[in-house]
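Chemist: dropping a prediction and its sequence here:
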Amino acid sequence: MRYQRDLVGVCATLLLVFTGIGLIGMPGVIGAEWPGWSSLMFLVAVLVLPVAWVLLRISSGTATVARWIALAAVGAVLVRLVWSAYDAGPAIVIAVLPLLAILVLAAVVLVYSWPQATSRALKDVAQRNGWRMLEPRELDLPPLPLPVGRAWSVRNAVQTPNGTAFEVRWLQWHGLLCRRRRLSVFVAPRLPAALPPMEVRPGGLSRSDITLESAEFNRSFDVIGNEARYLTAVLHPRTMQALLDARPVSLAIASTALVLYDDQPLTPESLTRGLANLERISIPRHVLDDWGQYAGQSSQRGLRFTGRGFDLSAGALMARLGAMTTGLLGLTLLTCLAAAATEPAFDPPRPVSTLLIAAAVLLAVAVICVLVPKRRPTLG
């Protein structure tokens with residue numbers, strides 16, 4: 001593992017250096033001379049590319065710093081772009097427009113993913129019902145078996161006598177692409193015994209490990225687990241009906257944690273509905289006796305997630321870096337070619353068809369890296 005990390009670090013450095021050199025020398029490839037281009041691309045190479053690499057490797061320890069650096073990078077490139085456009089004309093603006101658009105979009109997504117203040121509507125609901133609004137660090141919960149990536153943030157934590165609710169959000173990256181994920185999470189009080197892991201996800205027989213007696217339930221959910229008798233015992237008719245009524249909610253159990261979650265923001269309506277659904281989920285006593293194990297009473301403030309999280313394997317990291325570098329070079333080559341074509345003295349040293357083929361190959365490699373097949377999630 002240490003060898004793989006070192007290898008990824010060396011390859012990442014070499015690829016970033018190669019990408020920076022390619023960006024700086026791009027006008028020479030297409031036969032253009034743009035004053036200020038080299039200094040602008042040097043800024044990209046020493047500031048933007050390392051930041052992008054940090055974001056591709058994003059982790060809970062670097063996320064906050066990376067977000068601020070990303071905003072600083074966008075601001076610096078914007079200022080330099082305005083200066084270059086003033087000095088050299090509109091061609092350079094056309095050439096760097098895709099790069100600028102990607103940076104602005106990334107910054108907007110990152111800012112949008114930051115935790116916000118507790119909404120007034122949720123606070124009013126909590127006050128009316130006598131519930132407590134807590135900071136995430138004040139929560140005392142077991143590790144939660146949720147499909148949450150790294151660099152997550154939590155808002156609107158509500159503690160009630162029958163469970164705890166909050167919204168968790170993070171960025172899910174696929175090569176150059178990322179999307180913001182949000183979950184409404186409802187956590188039951190700790191189970192009296194540690195149970196084996198299992199999940200119930202919206203779906204329906206696509207990868208379910210068992211077929212239950214309810215045809216409607218089988219059409220609506222996938223059940224993931226390692227022992228059919230245990231899964232059948234947990235999903236008795238009342239629990240199946242409760243999950244059907246709560247659709248499209250998901251259920252996850254691992255150790256002493258029992259969690260319902262839904263891919264939507266936490267609102268006053270979803271808060272009330274989710275807590276009501278949580279009360280309807282019951283674990284029979286014989287399940288605790290037959291499959292439960294002693295779990296101790298260790299307590300640790302704050303939130304922890306046991307899901308697979310962000311894939312930091314060597315292959316996944318190199319695929320993300322390959323998508324970033326080849327996609328960036330391909331887009332920049334296309335836009336530089338388009339910008340140079342607007343100038344009257346356009347005379348590229350290579351045939352235009354060759355340049356277009358090179359850009360297409362780079363973009364195709366980026367797409368392949370983005371579409372690298374993902375491993376099937378497993379229970380842990």
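Modeler: Structure received.

Chemist: can you tell me the closest non-neighbouring residue to W131?
Modeler: Distances taken as Cβ to Cβ, 6 or more residues apart in numbering place T160 nearest to W131, at 4.7 Å, with adjacent residues excluded. Glycine gets a C-beta too; all of them are placed from N, C-alpha and C.

Chemist: ok, how many other residues are close to the one you found?
Modeler: By other Cβ atoms under 10 Å, the residues close to T160 number 18.

Chemist: thinking S220 is in contact with R247, fair?
Modeler: Yes. Counting by Cβ atoms under 8 Å, R247 is a contact partner of S220 at 6.1 Å.

Chemist: in this structure, which spans are helices?
Modeler: For the chain, the helices defined by DSSP state H occupy 2-24, 26-30, 37-43, 49-56, 63-88, 91-113, 120-129, 215-220, 228-234, 237-245, 268-280, 285-291, 314-341, 352-370.

Chemist: now render these as JSON lines, adding distance to S184 and mean pLDDT.
Modeler: What follows is those, written out as JSON lines (distance: least, Cβ to Cβ, whole Å; pLDDT from 0 to 100):
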{"stretch": "helix 2-24", "distance to S184": "35", "mean pLDDT": "76"}
{"stretch": "helix 26-30", "distance to S184": "46", "mean pLDDT": "85"}
{"stretch": "helix 37-43", "distance to S184": "41", "mean pLDDT": "77"}
{"stretch": "helix 49-56", "distance to S184": "26", "mean pLDDT": "65"}
{"stretch": "helix 63-88", "distance to S184": "21", "mean pLDDT": "64"}
{"stretch": "helix 91-113", "distance to S184": "16", "mean pLDDT": "66"}
{"stretch": "helix 120-129", "distance to S184": "11", "mean pLDDT": "88"}
{"stretch": "helix 215-220", "distance to S184": "19", "mean pLDDT": "88"}
{"stretch": "helix 228-234", "distance to S184": "22", "mean pLDDT": "92"}
{"stretch": "helix 237-245", "distance to S184": "15", "mean pLDDT": "93"}
{"stretch": "helix 268-280", "distance to S184": "5", "mean pLDDT": "92"}
{"stretch": "helix 285-291", "distance to S184": "26", "mean pLDDT": "92"}
{"stretch": "helix 314-341", "distance to S184": "28", "mean pLDDT": "81"}
{"stretch": "helix 352-370", "distance to S184": "29", "mean pLDDT": "88"}
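
Chemist: near P142, how many other residues are there?
Modeler: The local packing of P142 (other Cβ under 10 Å) involves 21 other residues.

Chemist: can you pull the contacts of it?
Modeler: Contact analysis of P142 by Cβ atoms under 8 Å, 6 or more residues apart in numbering lists R190, S255, T256, A257.

Chemist: pLDDT score for the third one?
Modeler: The reference is to T256. T256 carries a pLDDT value of 90.

Chemist: that one against P189, yeah?
Modeler: No. Between T256 and P189 there is no contact under Cβ under 8 Å: 9.2 Å.

Chemist: who's more crowded, the two?
Modeler: Neighbours were counted for T256 and for P189 using other Cβ under 10 Å; T256 has more, 21 against 14.

Chemist: residue ranges in the stretch 101-250 of the chain under the pLDDT threshold?
Modeler: Residues of the stretch 101-250 of the chain that meet the criterion pLDDT under 70 lie in 102-118, 149-151, 171-179, 204-206.

Chemist: switch to 80 and redo it
Modeler: 101-119, 136-137, 147, 149-153, 170-181, 204-209 (pLDDT under 80).

Chemist: quick one, strands of it?
Modeler: Taking DSSP state E, counting those that start in this stretch as the test, the strands found in the stretch 101-250 of the chain are 132-134, 153-160, 163-174, 177-187, 195-202, 221-225, 250-255.

Chemist: mind listing the shared neighbours of S220 and R247?
Modeler: Residues touching both S220 and R247 (Cβ under 8 Å, 6+ apart): P202.

Chemist: neighbour count: the two, which is higher?
Modeler: Between S220 and R247, counted using other Cβ under 10 Å, S220 has the larger neighbour count: 18 against 12.

Chemist: who wins on neighbours among the contacts of P142?
Modeler: A257 leads those on contacts (other Cβ under 10 Å) with 23 neighbours.

Chemist: relative to P147, how far out is S119?
Modeler: To P147, S119 is 24 Å away according to Cβ to Cβ, to the nearest Å.

Chemist: those two - which one has more neighbours?
Modeler: Taking other Cβ under 10 Å, S119 and P147 do not tie; P147 has more neighbours (19 against 16).

Chemist: and the furthest pair within the contacts of P142?
Modeler: Pairwise distances among these were taken by Cβ to Cβ; the largest, 9.1 Å, belongs to R190 and S255.

Chemist: name the residues that touch stretch 189-197?
Modeler: 141-142, 145, 162-163, 225-227, 230, 234, 252-258, 283, 287-288, 291-295, 379-380.

Chemist: contacting residues for C336?
Modeler: C336 is in contact with M26, P27, V29, I30, A32, A95, counting by Cβ under 8 Å, 6+ apart.

Chemist: D124: which of these is nearest?
Modeler: Nearest to D124 among these, counting by Cβ to Cβ, is A95 at 51.7 Å.

Chemist: for the closest one, give me its contacts.
Modeler: Contact partners of A95, counting by Cβ under 8 Å, 6+ apart, are M26, W34, W37, T332, T335, C336, A338, A339, A340.

Chemist: doesn't E33 make contact with the last one?
Modeler: No. Taking Cβ under 8 Å as the definition, A340 is not a contact partner of E33, at 9.6 Å.

Chemist: now do the shared contacts for those two.
Modeler: P27.

Chemist: who's more crowded, the two?
Modeler: Taking neighbours as other Cβ under 10 Å, A340 and E33 compare with A340 leading, 25 against 11.
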